[in-house]
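Trainee: Provided below are the primary sequence and the corresponding predicted coordinates.
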Amino acid sequence: MRRTRLLALAVGIVLADSAIVTLALPQILRELGGTVTGVAYVLISFNAVLALAAVPAARLCQRRDPAPYAAVGLVVFAIASAGCALAPSMNVLIAARVVQAVGGALVVVACLELLVASTGSEPAGVRRWIAAGVIGTATGPVIGGLLTEAISWQSIFIAQVPLVLLAVPAALSLRLRPRDTPQAGPRGADAGVEQDKGERPDVAANLALGLVSAALTAALFLVVLLLVEGYRRSPATAALAVSVVPLAALAARPLARLARAGARSEIVAGTLLVAGGLAALAYLPDARLFWTVAPQALVGLGLGLTVDALTLAALQSRGPRVRHGGWTIAARHAGVVLGLALLTPVFTADLQQAQVPAQESIAALVLDAQLPPQTKIDLAVGLADRLSKESGRVPDLHPAFAGLRLGVIDQIVADRLEGQLDDQLERAATQAFRNSFLLAAGLGLLALPFLLPLPGRRW
Amino acid sequence: MTSPQARAVALPLLALLLVAAVLGLQVGNGGGDFVPTASADPCTPRAVQSAATGIDALSEEIVLLGLDGAACRLGVSRESLLLSIVQDQRPPGTVDAVRGGLQDAVGRLDRENRLPKASVLADEAIGLSDLSGFVKVALRAIPDRLIDSQLDTGEVLGRAVRAIDVAQLLDNLNDPGLLQRSVQDAVVQAARDEIVDRVRTLF
């Protein structure tokens, strides 16, 4: 039981790494330098390599005992995690993330077989594997945000090292005997050769999984950026705000059991919830965090209903199991890369475009402020400095106000003005993220045609 | 007891209902309108109120109304004009538009009887001027009623606007105090010139 938990934890940690640094990105950007697009590669590199390495890793685990591969993967992942924590530059961090993903791919696919062996039941093992991935993906940003706020972004990677290394003995204790290894199934050695070729992957389920994952990227990546960069909330506050997604995802499975609607119905409902939640995030009435709760709850419920059901659908009655498990990981993380690749340029361009209306509304408020003319001029100079220093990002205007020496009445007016200017920035940020959320909702809806009950589909 | 088919349809419908409810709540509470406040039309007269007093307040009101007038003449918002001036990307014709806008501003304040009496302006102008103490005392000895009957504030300010070197003013906006000082100096100078002219005419 302990062994099963450690292996599931390792899977969860690897898949959490897909988005775990999201809340730390602003801090990484400040410490290591670079651009918003550049720092997105900390996420893109990991997900792209995980997507590319998952199927080859599955082929290795299909041919031989997956336990040593899992152990090697865990050690590589741990060393690369330490490398991420010690990275002195953005390029080194991205390189370490690539190595992390290679080790992670081995861990995830090998652990599918090991969890089946550990639980002694294919359905139980597969469900554990899927659940670990869903929980890891959903909780990654929350854990990352809390660690970043409490300690530092480096602590995210350091904390992973002992946790994944704990799973090494668990993996090695499950050395599968030849008859247990995936290539030599119950049909014997001859069947193994046939199985090595294997059945074709479930294209519809994997494509739908990829598209839903691309849409979910917006919820896990854009919401965090909106809260931290757009609304200037602390990583811990943002982490608490986005914890709605994993909580709702956990609630989805009991609700689905209650509804007994069938896998396809759950996936369709989940896809609609993901797309609808993202569309609702595009229309936030203001920057108060409670407005993000209901949309994120929809996304979380959708995540809980779709990802595990689609993964199960892609694995259902297809062999070899490990290869199809690899395909689901490839599809999911290719989807994340697609989401990041499509959404990052859209929101960075929109953020750039939002600067003009934001600057104009700020200029209007300063011109009309009930402050002495000289104070307005001093303030305008300070604000212009802030805006030019943080070009392309939502600026922190407070330093422009902190330098003013004012009387009591003027200070009250200045405080109110600062609040009004921050409100204008929040408005500009909300508007700048709108297209990206809508685009992500569209990506989610694109999955619907692949969910139609066509002949030949096994789910 | 519901059939499996009914349950299969009910769950996506429930999802759609939930989405509609949340979207409706967001949009009903202003979702979609949470965007930066649009710039006001500079050609529509707006109320301008200064937190300062005396010549400072008057200078600020004239500058703000003048900016509106200049923006209206150029067909842009006053904020856009201001930012283009600050960023050294001012559109062609800005200097003439700003001067015209300032003249319009003085005219508007004059029409709305919001210009202070010349005696009030003159007293402050004399205090700020570099005239000798004797001349200051002599000028202050002139009864307010006499000053007000002889000096028209609109004329004084019109003179000030004509005297301002707008191009130089716009080129040196990186000096925070220059805008205020230039306008203030021009008003003081114009008031002094007007008083001196009138005094010379009297004798």
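Mentor: It's in. Residues are numbered from 1 along each chain as shown, chains lettered A, B, ... in the order given.
Trainee: Surely residue A:150 and residue A:234 touch.
Mentor: No. Residue A:150 is beyond contact range of residue A:234, at 10.7 Å (criterion: Cβ atoms under 8 Å). For every residue, glycine as well, the C-beta is placed using N, CA and C.
Trainee: When these two are compared, which one has more neighbours?
Mentor: Between residue A:150 and residue A:234, counting by other Cβ atoms under 10 Å in any protein chain shown, residue A:234 is the more crowded of the two (14 against 11).
Trainee: tell me the helices in the stretch 151-300 of chain A, going along the chain?
Mentor: A:153-165, A:167-172, A:188-197, A:203-217, A:223-225, A:235-242, A:244-259, A:263-281, A:293-315 (DSSP state H, counting those that start in this stretch).
Trainee: Nearest to chain B among the ones you listed would be which one?
Mentor: helix A:263-281 (2.8 Å; Cβ to the nearest Cβ).
Trainee: Over to stretch B:35-48 now: how far is its first residue from its last?
Mentor: The straight-line separation of the ends of stretch B:35-48 (Cα to Cα, to the nearest Å) is 24 Å.
Trainee: which outside residues touch it?
Mentor: Residues from elsewhere that reach stretch B:35-48, judged by Cβ atoms under 8 Å, 6 or more residues apart in numbering or on different chains: A:354, A:357-358, A:360-361, A:364, A:424, A:427-428, A:430-431, B:60-61, B:64-65, B:67-69, B:71-72, B:76-81, B:108.
Trainee: centre of the chain versus it, how much separation?
Mentor: 12 Å (Cα atoms, centre = their mean, to the nearest Å).
Trainee: Show the average pLDDT along it.
Mentor: In this model, stretch B:35-48 has a mean pLDDT of 87.
Trainee: Which of the three states applies to residue B:145?
Mentor: Under the three-state scheme (DSSP: H, G, I helix; E, B strand; the rest coil), residue B:145 adopts helix.
Trainee: Could you pick out the residues of the stretch 351-459 of chain A near chain B for me?
Mentor: Proximity of the stretch 351-459 of chain A to chain B (Cβ under 8 Å from any Cβ of the partner chain) is limited to residues A:354, A:357-361, A:363-364, A:367, A:369-374, A:377-378, A:380-381, A:384, A:410, A:413, A:424, A:426-428, A:430-431.
Trainee: of all of chain B, which residue lies closest to chain A?
Mentor: Ranked by Cβ to the nearest Cβ, the top residue of chain B for proximity to chain A is residue B:19, at 2.8 Å.
Trainee: In which helix or strand does that residue reside?
Mentor: Using DSSP states H and E, residue B:19 maps to helix B:4-28.
Trainee: angle of that helix against helix A:293-315?
Mentor: Between helix B:4-28 and helix A:293-315, the angle comes out at 150 degrees (axes from the mean of the first three to the mean of the last three Cα atoms, to 10 degrees).
Trainee: tell me which strands and helices helix B:4-28 is in contact with?
Mentor: helix A:244-259, helix A:263-281, helix A:293-315 (3 or more Cβ pairs under 8 Å, 6 or more residues apart in numbering or on different chains; DSSP states H and E).
Trainee: Which residue comes closest to residue A:223 once chain neighbours are left out?
Mentor: Leaving aside its chain neighbours, residue A:223 sits nearest to residue A:242 (5.7 Å; criterion: Cβ to Cβ, 6 or more residues apart in numbering or on different chains).
Trainee: residues near residue A:173, how many?
Mentor: Residue A:173: 12 surrounding residues under other Cβ under 10 Å.
Trainee: just residue A:316 next, same as before
Mentor: 15.
Trainee: Same check on residue A:270?
Mentor: 32.
Trainee: Residue A:257 now?
Mentor: 9.
Trainee: In terms of pLDDT, where does residue B:148 sit?
Mentor: 79.
Trainee: residues in contact with it?
Mentor: When contacts are counted by Cβ under 8 Å, 6+ apart, residue B:148 touches B:117, B:118, B:119.
Trainee: For the first one, which non-adjacent residue is spatially closest?
Mentor: With Cβ to Cβ, 6+ apart as the criterion, residue B:117 has its nearest non-adjacent residue at 5.0 Å, and that residue is residue B:148.
Trainee: that older thread, quick check: angle from the helix holding residue B:19 to helix A:244-259?
Mentor: Using the same axes, to 10 degrees: helix B:4-28 against helix A:244-259 is 150 degrees.
Trainee: Tell me how far helix B:4-28 lies from the chain's centre.
Mentor: A distance of 52 Å separates the centroid of the chain from that of helix B:4-28, by Cα atoms, centre = their mean.
Trainee: surely the residue of chain B closest to chain A meets residue A:278?
Mentor: No. The criterion here is Cβ under 8 Å, and residue B:19 misses it with residue A:278 at 10.0 Å.
Trainee: Same list (the helices and strands packed on helix B:4-28) but as JSON lines, adding distance to residue A:157 and mean pLDDT.
Mentor: Below are the helices and strands packed on helix B:4-28 laid out as JSON lines (distance: least, Cβ to Cβ, whole Å; pLDDT from 0 to 100):
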{"stretch": "helix A:244-259", "distance to residue A:157": "20", "mean pLDDT": "88"}
{"stretch": "helix A:263-281", "distance to residue A:157": "29", "mean pLDDT": "95"}
{"stretch": "helix A:293-315", "distance to residue A:157": "25", "mean pLDDT": "92"}
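Trainee: I'd like these as CSV, with distance to chain B appended.
Mentor: Output for these, formatted as CSV (distance: least, Cβ to the nearest Cβ, whole Å):
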stretch, distance to chain B
helix A:244-259, 5
helix A:263-281, 3
helix A:293-315, 5
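Trainee: Quick one, which of these gets closest to residue A:201.
Mentor: helix A:293-315 (7.0 Å; Cβ to Cβ).
Trainee: Pull out the buried positions in that closest one.
Mentor: By neighbour count on 16 or more other Cβ atoms under 10 Å in any protein chain shown, the buried set for helix A:293-315 is A:294-315.
Trainee: and it, what does it pack onto?
Mentor: Packed against helix A:293-315 by the contact rule (3+ Cβ pairs under 8 Å, 6+ apart) you find helix A:122-150, helix A:203-217, helix A:235-242, helix A:244-259, helix A:263-281, helix A:321-353, helix B:4-28.
Trainee: neighbours around residue 111, how many?
Mentor: All of this refers to chain A. Using other Cβ under 10 Å, the number of residues around residue A:111 comes to 38.
Trainee: my bad, the chain I had in mind was chain B
Mentor: 10.
Trainee: quick revisit: of the helices and strands packed on helix A:293-315, which approaches residue B:94 most closely?
Mentor: When the helices and strands packed on helix A:293-315 are compared (using Cβ to Cβ), the closest one is helix A:321-353, at 24.5 Å.
Trainee: Which elements pack onto the closest one?
Mentor: helix A:36-63, helix A:90-119, helix A:122-150, helix A:203-217, helix A:293-315, helix A:408-445.
Trainee: tell me what the third one is packed against?
Mentor: Spelled out, it's helix A:122-150. Helix A:122-150 packs on helix A:2-16, helix A:90-119, helix A:153-165, helix A:235-242, helix A:244-259, helix A:293-315, helix A:321-353, going by 3+ Cβ pairs under 8 Å, 6+ apart.
Trainee: run the last query once more with 6 Å
Mentor: Applying 3 or more Cβ pairs under 6 Å, 6 or more residues apart in numbering or on different chains; DSSP states H and E, we find helix A:122-150 packed against helix A:2-16, helix A:90-119, helix A:153-165, helix A:235-242, helix A:244-259, helix A:293-315.
Trainee: Check the first one too.
Mentor: In this structure, helix A:36-63 makes packing contacts with helix A:25-32, helix A:90-119, helix A:321-353, judged by 3+ Cβ pairs under 6 Å, 6+ apart.
Trainee: repeat for the shortest one
Mentor: For helix A:203-217, the helices and strands in contact under the criterion 3+ Cβ pairs under 6 Å, 6+ apart are helix A:293-315, helix A:321-353, helix A:408-445.
Trainee: Out of these, which gets nearest to residue A:264?
Mentor: helix A:293-315 (8.2 Å).
Trainee: What ranges does chain B have for its helices?
Mentor: Using DSSP state H, the helices assigned to chain B run over residues B:4-28, B:54-74, B:78-86, B:94-111, B:118-128, B:133-140, B:144-150, B:153-163, B:166-171, B:178-202.
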